[in-house]
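In: model the following, please.
(one chain, ligands or ions: 2)
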Amino acid sequence: MTDPARPGPAGEVADRAAAGFLHRYGEPPAGRWAAPGRANLIGEHTDYNDGFVLPFTLPLRTVVAAAPQDGGRWTVWSELSDSPVEFGIAEVTASGRVAGWGAYVAGVVWALRDAGHPVPGARLAIASDVPVGSGLSSSAALEAAVLAALVDLGGVDLPAERRPRLAQRAENAYVGVPTGIMDQSAVIRCRPGHALFLDCRTESVEHIPFDLAAAGLAMLVIDSRAPHRHAGGEYASRRASCEQAAKLLGVAALRDVPAAGLDEALALLDDDETRRRVRHVVTENQRVLDTLDLLRAGRIRDIGPLLTASHASMRDDFEITVPEIDTAVEAALAAGAHGARMTGGGFGGCVLALIDADRADAVTAAITTAYAARNFPAPNFHRLP
Ligand code: ADP
Ligand code: MG
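Out: Ligands and ions are numbered 1, 2, ... in the order given. Coordinates of the predicted model:
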């Protein structure tokens, strides 16, 4: 059985999950299973265009402590909720549904059963230090940790490369959130100290060494704390624009428009907004490939300008940034960051800033000051390594 206990915060979270289980159910769990949060280094809104992404995991994790329970019933406690969620077979068949946060757990049970795997009834207790709703993928971390627990408890042989689709189905078809394959792939397939290059069309991956400390660098992950304004509707409308543009261009997905053919493709579109949406996706895919080349050559510092160009493209062409996010990026760059960009779907979420390790305090202070000057609520900072 997987034992995710490690020193540091991850160990604390695992201990909390086990202690929570003992407290709620009066006996120790059979095991603990973990999945991390993630950030996407570069490649935004490329996943549903069959393109490229480059996520890496964070030293934040969701841990599920679990044990089997008789009778085809599932009981779930989370630290984040005062009351448990309980459901049975009826809620994980075609007709039944669990609402609220429990849907992420029930959705995994549903997706496993729907794929023909046996799922034992179980009692679960969840602890996490992945911030919820900040774009660091607490939802995929929860799905992946629950999936790992249920698969192990059920003795199911489900290789890692088949798990992301299953977790994604739970989120898309059961919870009802239309996300691409990146989040689940990242939290299940990323290796520590590496970024994961993922081709979202083929789902082929390459593990790219991403050792910030060895390069004297650090990554600040800045939670903008901007409220997600209309994020769902805007996401759907960006996705629809891209699909419509692919149709007009006669390609299966915008991934099929090469950067070298961008001008030619833009000339075929008569709507300026659509042209800008296409330009973002096509140039962003190329930036992922350029970043990949630099990382393969061990040149982490040199990816800075690509990160910053990605941000400008999201701000000006894809129009998915908000003032808090732009403020954090500008302040980081002014304080000497090598590059900075929003990460995640947009309209809030987090900013990444690639900095010299010894500049962390100065960049953090600069962003805090810029926020205060605009009366934004203070941002939260995570730092890697
Ligand atoms: P993100 O994945 O960026 O954190 P989402 O909106 O996709 O944000 O997912 C957040 C939702 O996932 C929460 O509202 C909650 O329903 C569920 N969730 C995530 N982590 C937990 C947890 N530890 N306990 C209970 N629910 C959680
Ligand atoms: Mg999510």
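In: domains of this structure?
Out: Under the assignment automatic domain parsing, the domains of the chain span 12-207, 212-384.
In: quick check: end-to-end length of stretch 334-350?
Out: Terminal residues of stretch 334-350 lie 18 Å apart, using CA to CA, to the nearest Å.
In: buried residues, that stretch. List them.
Out: Counting neighbours by 16 or more other CB atoms under 10 Å, one finds that the buried residues in stretch 334-350 are 335, 337-350. Placement of C-beta: from N, CA and C, glycine included.
In: tell me the one among those residues nearest to residue 301.
Out: Checking those against residue 301 by CB to CB gives residue 338 as the nearest, at 5.7 Å.
In: which residues does the closest one contact?
Out: Shown in contact with residue 338 (CB atoms under 8 Å, 6 or more residues apart in numbering): 217, 301, 303-305, 307, 354-356.
In: pLDDT score for it?
Out: Listed pLDDT for residue 338 reads 98.
In: what's the burial count for the nearest residue to it once chain neighbours are set aside?
Out: Spatial nearest neighbour of residue 338, excluding adjacent residues (CB to CB, 6 or more residues apart in numbering): residue 304 at 3.1 Å. Residues contacting residue 304 under the criterion other CB atoms under 10 Å number 20.
In: I'd say residue 304 and residue 336 touch.
Out: No. The pair residue 304 and residue 336 fails to qualify as a contact (CB atoms under 8 Å) at a distance of 10.5 Å.
In: residue in the stretch 1-150 of the chain nearest to ligand 2?
Out: residue 139 (3.3 Å; CB to the ion).
In: how close does that residue get to residue 38?
Out: According to CB to CB, to the nearest Å, residue 139 stands 11 Å off from residue 38.
In: for residue 76, what are its contacts?
Out: Residues in contact with residue 76, defined by CB under 8 Å, 6+ apart, are 84-86, 102, 105, 123-126.
In: buried ones among the residues you listed?
Out: For the contacts of residue 76, buried by 16+ other CB under 10 Å: 84-85, 102, 105, 123-126.
In: of the domains of the chain, which stretch is the most buried?
Out: Mean neighbours per residue, mean count of other CB atoms under 10 Å, is largest over the domains of the chain for domain 12-207, with a mean of 21.
In: span of that one from start to end?
Out: OK, domain 12-207 end separation, CA to CA: 28 Å.
In: please see if that domain touches ligand 1.
Out: Yes. Residues of domain 12-207 contacting ligand 1 under CB under 6 Å from any ligand atom: 62, 78, 80, 101, 104, 126, 128, 132-139, 142.
In: quick one: average confidence on that domain?
Out: 96.
In: measure how far that domain is from the centre of its chain, please.
Out: A distance of 12 Å separates the centroid of the chain from that of domain 12-207, by CA atoms, centre = their mean, to the nearest Å.
In: and for stretch 323-336?
Out: Its chain's C-alpha centre and that of stretch 323-336 lie 22 Å apart, by CA atoms, centre = their mean.
In: who touches that stretch?
Out: With CB under 8 Å, 6+ apart, stretch 323-336 has contacts from 220, 222, 224-226, 308, 311, 315, 321, 339-342, 346, 348-349, 351, 353, 355-356, 359, 362-363, 365-367, 369-371, 374, 376, 379.
In: helices of the stretch 101-250 of the chain, start to end?
Out: 102-114, 138-153, 163-169, 182-189, 231-249 (DSSP state H, counting those that start in this stretch).
In: contact partners of the fourth one?
Out: Around helix 182-189, the neighbours that count as contacts under CB under 8 Å, 6+ apart are 35-38, 40, 43, 47, 53, 55-57, 137, 139-141, 143-144, 160-161, 163-165, 167-168, 171, 196, 198, 200, 203, 205.
In: swap in the shortest one?
Out: The set of residues external to helix 163-169 that reach it, using CB under 8 Å, 6+ apart, is 107-108, 111-112, 114-115, 140, 143-144, 147-148, 151, 158, 179-181, 183-185, 188-189, 203.
In: for that helix, list the C-alpha coordinates in CSV.
Out: In CSV, the C-alpha atoms belonging to helix 163-169 read as follows (Å, rounded to 0.1, in the frame of the first residue of the first chain):
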residue,chain,number,x,y,z
ARG,A,163,-5.7,7.2,-14.7
PRO,A,164,-5.8,10.8,-16.0
ARG,A,165,-8.7,10.1,-18.5
LEU,A,166,-10.7,8.4,-15.8
ALA,A,167,-10.2,11.3,-13.3
GLN,A,168,-11.0,13.8,-16.1
ARG,A,169,-14.2,11.9,-16.8
